[in-house]
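>>> 3D, please:
(chains A and B)
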Amino acid sequence: MIGPLTRSWLRLFGSQASWNYERMVGLGVGVAMQPLLERLGAERGEDARRSALARAARYFNAHPYLTAFAVGAQARAELDGVPGVHVERLRQALVAPLGSMGDRLVWAGWLPATVGLALIAVTLGAGWIAIVLFLVAYNVVHLWLRTWGLRAGWRLGLRVSEALGHPALHRALAVMPAAAGLLLGAALPLSAMWAASLFAPESRWAMATLAAAGFVVLRWLAPAIGGLRLALLTVVVALAVGGVWR
Amino acid sequence: MTWLALVLWGTLVGLDLVSGPQIMIARPLVAATVAGAIVGDAAAGVTVGIVLELFALEVLPIGAARYPDYGPAAVSAAAAAAHAPMILALGAGVTLGLIVAGIGGVAMHRLREWNARRIHRHAAALDAGDGRQLARLHFTCLAADAARSAAVTTLGLAGAAVLRQVGVLSVRGAVVAGTVVVALALATAATGVLRLGGSRAARRWLALGAALGVLVGVVAR
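Here you go, the predicted model:
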């Protein structure tokens, strides 16, 4: 039989399943918090548990991994008998820092850094080993963030900001953009050399010219037109102009 | 059996993008390599995976942003390109992948709207703290995303089967398509990476990385 904290941790992995434009990740937070609030019904009555669950399922938005901090902290506050209005305030106060820190740390930091490293290794011929190592490296940090976040929130409750001010977290935030830039920067020319090796020399010049033109167009038109749309449009035009359909 | 395994894998990677567990099996490099291995050509999977990964570098999955679903797309592209000369299969495979990614992104947006309507209808139960209704709604949304991912993967694999059986491009057309998609993958990646490295300090690291990449590439050749 697994305990409520472990069940909550497992449910956090699917916290975005009911993501929607109204409550965003709110329902996922409520579902993840359910096991932690079970004790509340026994200790303070069914009404208290239902009120806490209703608060848990309201609008919430943050980085999915760092949502763990909010789940732990809000559940602890509810069990400590903190008035509902203060719990609501805690929840609202966590949206911006958990979103911003998670985006900078993971989406714009650790993920591009590890993807860059994987691209470097694969284009240099490492094959599937590089892909396995990418998954392992990425998920060490991913799992640590979810685990630490839930435990810290559960331990600190309303004082969860103490954990968010941890020096290691801020060092990581300072280092990540540099690491992502360095590794993706190295991955780009290596990917270009790898791509060129797939084609005959005469196609390489066409490819380089088109890549440069595409870069200028995307810098000019983004985000109205992304790479996907531009690529599909260019393929259709190139094939139509060249008359090279079967 | 192979196609069933591909649909299952496509469903898992489609779920991984947003619903969970977000362990990054949805990255095209991972999704395509495993799909290639399932059909017995992991090398083809790696190749289309790299090209689609370059496209995916422009995506920053922040908040309510709308973005393509490259996981099922990479599965379809790998299935289309496997066991064929790469110079001929790459363009068609990746083009199919880009179409599937676009469809997957639109389907996800529609699903989110559907989620919102269902949740809105049950707002009273949620505001009353009905735990059973909360869990039912949440896990129904999860099942709906699994159905979306399976449908997008099946559609993509049907496209791959058509490409493999019928073929829609001449040899020259296949080379043109391959050149175009690879060139625009590089352009997209460069644009995405520059946007990511927004600050001056980050761009200095980016430039240093690029110089190191050129050096390593020249030495490794």
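>>> sketch out the low-pLDDT regions of chain A for me.
A:1, A:242-246 (pLDDT under 70).
>>> tell me which residue is most central in it.
With distances taken as CA atoms, centre = their mean, the residue of chain A nearest its centroid is A:Trp107 (5.1 Å).
>>> hmm, A:Leu124 is touching B:Val216, no?
Yes: if you go by CB atoms under 8 Å, A:Leu124 and B:Val216 touch, sitting 7.5 Å apart. Bear in mind the C-beta positions are built from the backbone N, C-alpha and C, glycine included.
>>> quick one on the thing from earlier: I figured the residue nearest to the centre of chain A was touching B:Leu57, is that so?
No: when contacts are counted by CB under 8 Å, A:Trp107 is not listed as touching B:Leu57 (11.9 Å).
>>> next up, the contacts around the residue nearest to the centre of chain A.
Residues near A:Trp107 by CB atoms under 8 Å, 6 or more residues apart in numbering or on different chains: A:His63, B:Leu60, B:Pro61, B:Ile62.
>>> what does A:Val115 give?
A:Phe134, A:Leu184, A:Ala187, B:Arg27, B:Leu29, B:Glu53, B:Leu57 are the contacts of A:Val115 under CB under 8 Å, 6+ apart.
>>> and B:Asp69, how close does it get to B:Asp16?
10 Å (CB to CB, to the nearest Å).
>>> if you count what's nearby, which of these two comes out ahead?
Just comparing B:Asp69 and B:Asp16: by other CB atoms under 10 Å in any protein chain shown the higher neighbour count belongs to B:Asp69, 27 against 20.
>>> between the contacts of A:Val115, which is nearest A:Leu37?
Of all the contacts of A:Val115, A:Leu37 sits closest to B:Arg27, with 34.8 Å by CB to CB.
>>> could you measure from the closest one over to chain A?
Note on B:Arg27: its distance to chain A, by CB to the nearest CB, to the nearest Å, is 7 Å.
>>> next, count neighbours for residue 105.
Reading this off chain A. Neighbour tally, A:Leu105, other CB under 10 Å: 21.
>>> oops, wrong one, chain B.
B:Gly105 has 20 neighbouring residues, counting by other CB under 10 Å.
>>> now swap in the one 10 residues further on and tell me
Burial of B:Asn115, expressed as a neighbour count using other CB under 10 Å, amounts to 24.
>>> identify the residues contacting residue 213.
Since no chain was named, I'll use chain A. B:Ala187.
>>> could you do chain B instead?
Counting by CB under 8 Å, 6+ apart, B:Gly213 touches A:Ile120, A:Gly185, A:Ala186, A:Ala187, A:Leu188, A:Pro189, A:Leu190.
>>> in this structure the fourth one contacts A:Leu124, no?
What that stands for is A:Ala187. No: look at A:Ala187 against A:Leu124 with CB under 8 Å: they stay out of range, at 10.3 Å.
>>> any idea of the pLDDT on the residue nearest the centre of chain B?
With distances taken as CA atoms, centre = their mean, the residue of chain B nearest its centroid is B:Tyr70 (1.0 Å). B:Tyr70 is assigned a predicted lDDT (pLDDT) of 96.
>>> give me the element residue 218 is part of.
Because you didn't say which chain, this covers chain A. The secondary structure element spanning A:Leu218 is helix A:201-221 (assigned by DSSP states H and E).
>>> the chain in question should be chain B.
Going by DSSP H and E, B:Val218 is part of helix B:200-220.
>>> so which bits of that helix are buried?
Residues B:Ala202, B:Arg203, B:Trp205, B:Leu206, B:Gly209, B:Ala210, B:Leu212, B:Gly213, B:Val214, B:Val216, B:Gly217 are the ones in helix B:200-220 that count as buried (16 or more other CB atoms under 10 Å in any protein chain shown).
>>> let's have those residues in JSON lines, adding distance to A:Gly3.
As requested, the buried residues of helix B:200-220 are exported to JSON lines (distance: CB to CB, whole Å):
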{"residue": "B:Ala202", "distance to A:Gly3": "42"}
{"residue": "B:Arg203", "distance to A:Gly3": "47"}
{"residue": "B:Trp205", "distance to A:Gly3": "43"}
{"residue": "B:Leu206", "distance to A:Gly3": "45"}
{"residue": "B:Gly209", "distance to A:Gly3": "45"}
{"residue": "B:Ala210", "distance to A:Gly3": "49"}
{"residue": "B:Leu212", "distance to A:Gly3": "48"}
{"residue": "B:Gly213", "distance to A:Gly3": "48"}
{"residue": "B:Val214", "distance to A:Gly3": "53"}
{"residue": "B:Val216", "distance to A:Gly3": "48"}
{"residue": "B:Gly217", "distance to A:Gly3": "51"}
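>>> need those residues in CSV with pLDDT, can you?
Listed next are the buried residues of helix B:200-220 as CSV, based on pLDDT from 0 to 100:
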residue, pLDDT
B:Ala202, 81
B:Arg203, 87
B:Trp205, 93
B:Leu206, 93
B:Gly209, 96
B:Ala210, 96
B:Leu212, 97
B:Gly213, 96
B:Val214, 96
B:Val216, 95
B:Gly217, 94
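>>> of those, which is the nearest to chain A?
Using CB to the nearest CB, B:Gly209 comes nearest to chain A of these, at 2.4 Å.
>>> surely A:Arg11 and A:Leu36 touch.
No: using CB under 8 Å, A:Arg11 is not in contact with A:Leu36; the gap is 9.9 Å.
>>> between those two, who's got more neighbours?
Set side by side, A:Arg11 and A:Leu36 show more neighbours around A:Leu36, with 26 against 23, by other CB under 10 Å.
>>> setting aside sequence neighbours, what's the nearest residue to the more buried one?
Nearest non-adjacent residue to A:Leu36, counting by CB to CB, 6 or more residues apart in numbering or on different chains: A:Ala75, 3.7 Å away.
>>> so how far is A:Leu53 from the one you found?
Applying CB to CB to A:Ala75 and A:Leu53 gives a distance of 10 Å.
>>> can you pull the residues that touch both of those two?
By CB under 8 Å, 6+ apart, the residues touching both A:Ala75 and A:Leu53 are A:Met33, A:Leu37.
>>> just to revisit the earlier point, take the contacts of A:Val115 and write them to CSV, including distance to B:Leu98 and neighbour count.
Below are those laid out as CSV (distance: CB to CB, whole Å; neighbours: other CB atoms under 10 Å in any protein chain shown):
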residue, distance to B:Leu98, neighbour count
A:Phe134, 23, 22
A:Leu184, 21, 30
A:Ala187, 20, 30
B:Arg27, 16, 28
B:Leu29, 16, 27
B:Glu53, 13, 26
B:Leu57, 14, 26
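>>> so of those residues, which ones are in strands?
Applying DSSP state E to these, no entry is found in strands.
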